[in-house]
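J.: One predicted model, sequence on top.
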Amino acid sequence: MRIGELAAQAGLTTDAVRFYEKVGLVTGRRLPNGYRDFPPETLPWLHYVRTAQSLGFSLAEIARAGERLSDAPDQAAALSALFADKIQVIDSRMADLAELRAELAARVGTGCPLRADEAESAAASTPRHGLGR
């Protein structure tokens, strides 16, 4: 399938398909006339890529997952494990954001939020953010 047809069926632009090809998510071959030709299984893969992106997966994560899924004997179980792993990453990020929010909230109203002397003791438990230090 040529790039224009693939892009139209996938709901993408040809530039997006070219980008996915550049980063290694899809592979096409060049015809003698220079046109890109993609195998039929590229279309469902692009739908998967779009869905995974909407679920918060980065392109690098999608590429790694694609490798894992292609080797998995039970793709449903492999996807469930992948989703469980992503939930753990999200939970960890949410905890980090809650700590950051608490640190920022402690600095509100201190006069100089970047030197919040009063907030130092409250923020000392989260020194990795480096604000005012």
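T.: All right, it came through fine. Numbering: from 1, shown residues only.

J.: ranges for the helices of the chain?
T.: 3-10, 14-22, 42-54, 59-71, 75-107, 117-123 (DSSP state H).

J.: Mind putting the ones you listed into TSV with distance to Gly34 and mean pLDDT?
T.: The C-beta positions use only the backbone N, C-alpha and C, and glycine is treated the same way. Converted to TSV, the helices of the chain look like this (distance: least, CB to CB, whole Å; pLDDT from 0 to 100):
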stretch	distance to Gly34	mean pLDDT
helix 3-10	11	95
helix 14-22	13	95
helix 42-54	18	94
helix 59-71	26	88
helix 75-107	35	94
helix 117-123	59	53
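
J.: so which of the ones you listed gets nearest Asn33?
T.: Nearest to Asn33 among the helices of the chain is helix 3-10 (12.7 Å), distances taken as CB to CB.

J.: which outside residues touch that closest one?
T.: For helix 3-10, the external contacting residues (CB atoms under 8 Å, 6 or more residues apart in numbering) are 1, 12-14, 16-18, 28, 35-36, 38, 42-43, 46-47, 50.

J.: And that helix, what's buried?
T.: Judged by neighbour count using 16 or more other CB atoms under 10 Å, the buried positions of helix 3-10 are 3, 6-7, 10.

J.: Fine by me, we can end here.
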